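Peer 1: Below is the sequence, then the predicted model.
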Amino acid sequence: MPNHLDGKTAIVTGGGRGIGRGIALALAGQGARVIVNDFGGNVEGTGTDESPANDVVYEIKQRGGIAEPNYADVSDHRAAEALVGQAINTWGHLDILVNVAGILRERMIFNMTEEEWDAVVRVHLKGTYNTTHFASIHWRSERRGGRLINFTSTAGINGSPGQPNYAAAKAGLIGFTKSCANALGRYGVTSNAIAPGAATRMTDRGRANADATRSGNAESARVAGSERDPENVAPIVVYLCSDEAANVSGRTIGASGYRVSLYSDMEIEREIYNDGPWDLDRLFELAPKSIFRGLEPPSGDLLRTGA
Ligand SMILES: NC(=O)c1ccc[n+]([C@@H]2O[C@H](COP(=O)([O-])OP(=O)(O)OC[C@H]3O[C@@H](n4cnc5c(N)ncnc54)[C@H](O)[C@@H]3O)[C@@H](O)[C@H]2O)c1
């Protein structure tokens, strides 16, 4: 069988570690030329290190693939422009953009500082906007096609209690992904969001894994070849980046272990209607018997996985 991505070029942000690394390797393994972007910071988004991006580029080349590193912080608008420009200048065009880069600053809402809020929203939401903005200009005016993959999280879908900044940014990315699907479809571009699950340094921080991580036995260091290996997220990303997936756009897709899931779109579940403005007495009487009948507040004990 021929490679699925021969002739394509791709950018993978956050491609130096974890899930992004697996995607960069898989895209290159299917014939795509890949810019591996990673600024190399810690999970909280501070520090820089060129070696994660360089190491993945080296791995790709060792396997006979074609790749170039990029060390931009994707939340920097001009650096993101240069990142997209690097792909176009090096290979003449860009076909695939996979926005994987992400950080965590976990705190309950009552403890969260403005800086913690801004840092997470900046990397996930602004970073994804930045690269997508410049890629979309190229797709619309020159390429007439493209594949956009963004990374959301069950933390945003379910509302992880200790991650209000991250949950907001990740849920926001679902709206962003759908907006891009609607705006760019006419130019041959598809846009989808992945809600992944895999053991990486991000999930090592979660409540379930914190003890093992502290004692030097982090889950992420033990999962190669197992179901929690972050490389398991990559196959469905390869599919969505291929020409075969032209009919899939605006959707959220779960990719966790060996499981691939299609999320439903949010729909109205119940509704009440009045001929004119609601009379408050009438609303107070009717609402508990109709749209809000039988509802319970969440228990709040949703397991925080760390990502
Ligand atoms: N691991 C999971 O189970 C899980 C679950 C839900 C969502 N996610 C999401 O999947 C994506 C990948 O997470 P991971 O678990 O592989 O984490 P990871 O920390 O292993 O990898 C993230 C990479 O992104 C890079 N990065 C961070 N900020 C950047 C920036 N501003 N510019 C460029 N690079 C940057 C980091 O240096 C790192 O190499 C993230 O968006 C994360 O929120 C992961």
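Peer 2: Yes, it's here.

Peer 1: which residues does N150 form a beta bridge with?
Peer 2: Under DSSP bridges, the beta-bridge partners of N150 are N99, A193.

Peer 1: Distance check, it against the ligand.
Peer 2: Here the criterion is C-beta to the nearest ligand atom, to the nearest Å. By it, N150 lies 9 Å from the ligand. Placement of C-beta: from N, CA and C, glycine included.

Peer 1: Give me every residue in this protein lying close to the ligand.
Peer 2: Residues of the chain lying near the ligand by C-beta under 6 Å from any ligand atom: 13-14, 16-20, 37-41, 43, 45, 52, 73-75, 100-103, 123, 127, 151, 153, 196-198, 200-203, 230, 307.

Peer 1: Filter those down to the buried ones, ChimeraX style.
Peer 2: Typed into ChimeraX, the line below selects the buried ones among the residues of the chain next to the ligand, using 16 or more other C-beta atoms under 10 Å:
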select :13,14,16,17,18,19,20,37,38,39,40,41,43,45,52,73,74,75,100,101,102,103,123,127,151,153,196,197,198,200,201,202,203,230,307
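
Peer 1: Cross the residues of the chain next to the ligand against helices and list the overlap.
Peer 2: G18, I19, G20, P52, G127, R201, M202, T203 (DSSP state H).

Peer 1: got the residues you listed as a markdown table, with pLDDT columns?
Peer 2: Formatted as a markdown table, these follow (pLDDT from 0 to 100):
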| residue | pLDDT |
| --- | --- |
| G18 | 98 |
| I19 | 98 |
| G20 | 98 |
| P52 | 98 |
| G127 | 98 |
| R201 | 97 |
| M202 | 96 |
| T203 | 96 |
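
Peer 1: now, which of the residues you listed sits nearest the ligand?
Peer 2: Proximity of those to the ligand (C-beta to the nearest ligand atom) peaks at G18, which lies at 2.3 Å.

Peer 1: Hmm, D204 and the closest one touching each other?
Peer 2: No. G18 sits out of contact with D204 when judged by C-beta atoms under 8 Å, with a separation of 10.2 Å.

Peer 1: joint contacts of those two?
Peer 2: Taking C-beta atoms under 8 Å, 6 or more residues apart in numbering as the criterion, G18 and D204 both touch S220.

Peer 1: Not counting sequence-adjacent ones, nearest residue to R21?
Peer 2: V56 (5.2 Å; C-beta to C-beta, 6 or more residues apart in numbering).

Peer 1: Could you report the separation of S299 from the ligand?
Peer 2: When C-beta to the nearest ligand atom is applied, the distance between S299 and the ligand equals 21 Å.

Peer 1: can you tell me the residue of the stretch 101-250 of the chain closest to the ligand?
Peer 2: Closest to the ligand within the stretch 101-250 of the chain is G102: 2.6 Å, counting by C-beta to the nearest ligand atom.

Peer 1: For the closest residue to that residue other than its chain neighbours, grab the count of nearby residues.
Peer 2: What sits nearest to G102 in space, not counting adjacent residues and going by C-beta to C-beta, 6+ apart, is H124, at 5.6 Å. Applying other C-beta atoms under 10 Å, we find 30 residues neighbouring H124.

Peer 1: again, but for G92
Peer 2: Every residue meeting other C-beta under 10 Å relative to G92 is counted, giving 10.

Peer 1: A168 too?
Peer 2: Neighbourhood size, A168 [other C-beta under 10 Å]: 18.

Peer 1: for it, what are its contacts?
Peer 2: When contacts are counted by C-beta under 8 Å, 6+ apart, A168 touches V121, G156.

Peer 1: Check it and give its pLDDT.
Peer 2: Model confidence at A168, given as pLDDT, is 98.

Peer 1: what about the strand or helix carrying it, distance to the chain center?
Peer 2: Per DSSP states H and E, A168 falls inside helix 164-184. Taking C-alpha atoms, centre = their mean, to the nearest Å, one finds the center of helix 164-184 at 10 Å from the center of the full chain.

Peer 1: And for stretch 31-43?
Peer 2: With C-alpha atoms, centre = their mean, you get 14 Å for stretch 31-43.

Peer 1: cool, stretch 261-277 as well?
Peer 2: 27 Å.
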